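Peer 1: Pasting the sequence and the predicted coordinates here, then a few questions.
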Amino acid sequence: MTAIRYDVVIVGGGHAGAQAAISLRQERFAGTIAIVGAEPELPYERPPLSKEYLAGEKTFERMLIRPATFWAERGVEMILGRQVTRVDAGTRVIGLRDGEEIGYGDLIWATGGEPRRLTCAGHQLTGVHSVRTRSDVDRLMGELPRASTVVVIGGGYIGLEAAAALTKLGKSVTLVETLDRVLARVAGEPLSRFYEAEHRAHGVSLMLGVTVECIEGDQQVSGVRLAGGELLAADVVIVGIGIVPAIEPVVTAGAESGNGIVVDEGCRTTLPNIYAVGDCAAHVNRFADGARIRLESVQNANDQAVTAARNIAGGEARYDAVPWFWSNQYDLRLQTVGLSVGHDKAVVRGDPATRSFSVVYLRGGRVVAIDAVNAVRDFVQGKALVAGGAVISPDLLADAARPLKELVTG
Ligand code: FAD
């Protein structure tokens with residue numbers, strides 16, 4: 001016999017889980033709601049973990065998505081520090097690691113992902129860190145006073161942001177990336193080359209096209225050995241090589257999956273009364289040319305959560321939001337709209353040497369994405385171009401003197 005039941009159970013108290021509960025109440029959903037989250041903290045903003053929080057410029061309290069009183073006032077039960085290990089879609093019950101069972105009317109799976117770990121020798125040594133949760137970063141920060149040399153593995157956003165924050169803290173940072181440029185999976189070459197130059201100018205030693213052979217040390221990490229034999233000394237290693245979606249219990253329950261849990265445009269999984277939202281949800285996205293993808297962004301987590309909540313509250317919502325994202329490194333604010341994957345042309349607007357410029361991406365002549373560096377106007381005005389798949393000549397786009405909003409009908 002199941003002891004407790006809620007009308008909606010949300011598994012995962014991150015961005016998507018929190019927004020789902022907020023949206024349910026905004027939609028005047030009057031049923032009972034619980035968030036079951038593996039982390040012990042109330043839902044908090046994850047982006048500062050590799051930025052202001054790591055740099056010591058923001059306290060954890062300022063990262064809470066809502067204060068404790070908010071959840072209490074809206075009758076959202078917080079069941080924290082508890083891991084869901086089993087889902088029974090037939091009886092509508094979830095099982096927790098400690099054996100407790102909770103019944104649900106509708107289930108929202110919002111579990112994000114686990115950091116991808118290295119598999120080479122030494123990956124488990126003390127001093128090797130991921131940057132996904134508050135406890136990851138607290139552990140890392142606890143070691144920093146005794147660390148002077150840091151090796152960052154992975155030249156994606158999180159690795160680059162961590163490199164920038166640690167450089168600010170006076171650490172000697174080396175960043176290694178297997179591909180021949182940073183941000184290779186998410187941005188075009190002009191943007192990669194710009195960020196490489198910035199990091200080098202700030203003193204980061206950047207090594208591209210190199211492979212990690214193993215992590216060396218005796219309990220405590222002492223270095224990173226590269227495939228060519230070179231040893232990089234390291235007091236601390238940060239691994240930023242992506243995430244693996246945390247979907248095992250729902251997949252075992254029978255949900256269709258691939259790279260994430262398969263959802264339809266209403267964020268419904270293939271199992272009855274189970275929705276999936278955020279980093280773990282594999283959805284068809286028209287901004288990715290109709291491919292089924294997972295997006296790892298606050299925008300996607302929030303907008304999918306809104307979609308699922310509206311549908312549970314009796315509405316008819318479809319997820320069709322324009323993707324956007326940001327990254328802060330040093331004094332550079334990158335804002336991205338759209339998805340540049342698969343672009344066939346990249347047009348630079350403005351002079352990167354001024355540290356304020358944009359890259360506009362085209363696919364088949366249509367604007368599909370814009371990366372705006374310290375260029376908020378291009379980001380704001382470019383959104384309409386991406387949303388409408390505007391066809392604009394590269395020459396016009398390259399003319400930074402012409403505001404993008406003047407080109408919308410072009
Ligand atoms: P999460 O926020 O990861 O939340 C999932 C929660 O579910 C976690 O608390 C997890 O512990 C819990 N959970 C997992 N499995 C279970 C289980 N079985 N039972 C119970 N609970 C479980 N995005 C941007 O747009 N801009 C940025 O600048 C940016 N910077 C980032 C910096 C860092 C360091 C990181 C890690 C991410 C960043 N992101 C950024 C990405 C963004 O934070 C994620 O896309 C977003 O957090 C996804 O929300 P989510 O709710 O899907 O997953």
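Peer 2: Now that the structure is in, tell me what you want to look at. It should be emphasised that the depicted structure is a prediction, and the values quoted were computed from it without experimental measurement.
Peer 1: Kindly list the main-chain dihedrals of the residue nearest the centre of the chain?
Peer 2: Residue closest to the average C-alpha location in the chain (CA atoms, centre = their mean): Glu296, at 3.6 Å. Here is the backbone geometry of Glu296 (degrees, to the nearest 10): phi -110, psi 80.
Peer 1: again with Arg349
Peer 2: Taking degrees, to the nearest 10 as the convention, Arg349 sits at phi -110, psi 120.
Peer 1: tally of neighbours for the nearest residue to the residue nearest to the centre of the chain once chain neighbours are set aside?
Peer 2: Computed as CB to CB, 6 or more residues apart in numbering, the closest residue to Glu296 that is not its neighbour in sequence is Asp279, at 4.9 Å. For every residue, glycine as well, the C-beta is placed using N, CA and C. Using other CB atoms under 10 Å, Asp279 has 25 neighbouring residues.
Peer 1: Can you name the helix or strand that Val360 falls in?
Peer 2: If you go by DSSP states H and E, Val360 is part of strand 357-363.
Peer 1: can you give me the mean pLDDT across that strand?
Peer 2: Averaged over strand 357-363, pLDDT sits at 98.
Peer 1: and it, which strands flank it?
Peer 2: When sheet partners are counted by DSSP bridges, strand 357-363 sits next to strand 345-349 (antiparallel), strand 366-373 (antiparallel).
Peer 1: which SS class is Arg402?
Peer 2: Secondary structure state of Arg402, per DSSP: H, G, I helix; E, B strand; the rest coil, is coil.
Peer 1: how about it, phi and psi?
Peer 2: phi -100, psi 110.
Peer 1: Show the contacting residues for it.
Peer 2: For Arg402, the contact set (CB atoms under 8 Å, 6 or more residues apart in numbering) comprises Leu396.
Peer 1: With Asp235 instead?
Peer 2: By CB under 8 Å, 6+ apart, the neighbours of Asp235 are 127, 143, 146-150, 221-222.
Peer 1: Would you list the buried entries among those residues?
Peer 2: Buried members of the contacts of Asp235, counted by 16 or more other CB atoms under 10 Å: 127, 143, 147, 149-150, 221-222.
Peer 1: end-to-end on stretch 141-158?
Peer 2: Taking CA to CA, to the nearest Å, the first and last residues of stretch 141-158 lie 16 Å apart.
Peer 1: which of the buried ones among the contacts of Asp235 lies closest to the ligand?
Peer 2: Of all the buried ones among the contacts of Asp235, Val150 has the smallest distance to the ligand: 15.6 Å, by CB to the nearest ligand atom.
Peer 1: show me the contacts for the closest one.
Peer 2: Neighbouring residues of Val150 by CB under 8 Å, 6+ apart: 163, 166, 171-174, 234-238.
Peer 1: Closest one of those residues to the ligand?
Peer 2: For the contacts of Val150, with the ligand as the reference and CB to the nearest ligand atom as the criterion, the closest is Ile238, at 10.4 Å.
Peer 1: Near the residue in the stretch 151-300 of the chain positioned nearest to the ligand, how many other residues are there?
Peer 2: Proximity of the stretch 151-300 of the chain to the ligand (CB to the nearest ligand atom) peaks at Gly278, 2.2 Å away. Neighbourhood size, Gly278 [other CB under 10 Å]: 33.
Peer 1: can you give me the mean pLDDT across stretch 332-351?
Peer 2: 97.
Peer 1: Give me the distance between the two termini of that stretch.
Peer 2: The first-to-last residue distance of stretch 332-351 comes to 14 Å (CA to CA).
Peer 1: Just the buried residues of that stretch, please?
Peer 2: If you call a residue buried by 16+ other CB under 10 Å, then stretch 332-351 has these buried ones: 333-341, 343, 346-350.
Peer 1: Show me which residues of the stretch 301-410 of the chain sit near the ligand.
Peer 2: Taking CB under 6 Å from any ligand atom, the part of the stretch 301-410 of the chain that reaches the ligand is made up of 301, 325-327.
Peer 1: Can you name the residues of this structure that neighbour the ligand?
Peer 2: Close to the ligand, as judged by CB under 6 Å from any ligand atom, the chain has residues 11-17, 36-39, 46-47, 49-50, 83-84, 110-112, 131-132, 158, 246, 278-279, 296-299, 301, 325-327.
Peer 1: which of these are buried?
Peer 2: By 16+ other CB under 10 Å, the residues of the chain next to the ligand give 11-17, 36-39, 46-47, 49-50, 84, 110-112, 131-132, 158, 246, 278-279, 296-299, 301, 325-327 as buried.
Peer 1: Quick one: distance of stretch 19-27 to the chain centre.
Peer 2: Taking CA atoms, centre = their mean, to the nearest Å, the mean C-alpha location of stretch 19-27 is offset from the chain mean by 21 Å.
Peer 1: scratch that, stretch 99-117 is what I was asking about
Peer 2: 18 Å.
Peer 1: How far does it stretch from one end to the other?
Peer 2: Span of stretch 99-117 from end to end, CA to CA: 28 Å.
Peer 1: cool, stretch 275-290 as well?
Peer 2: 20 Å.
Peer 1: So for it, what gets flagged as buried?
Peer 2: Quick answer for stretch 275-290 (16+ other CB under 10 Å): 275-283, 285, 287-288.
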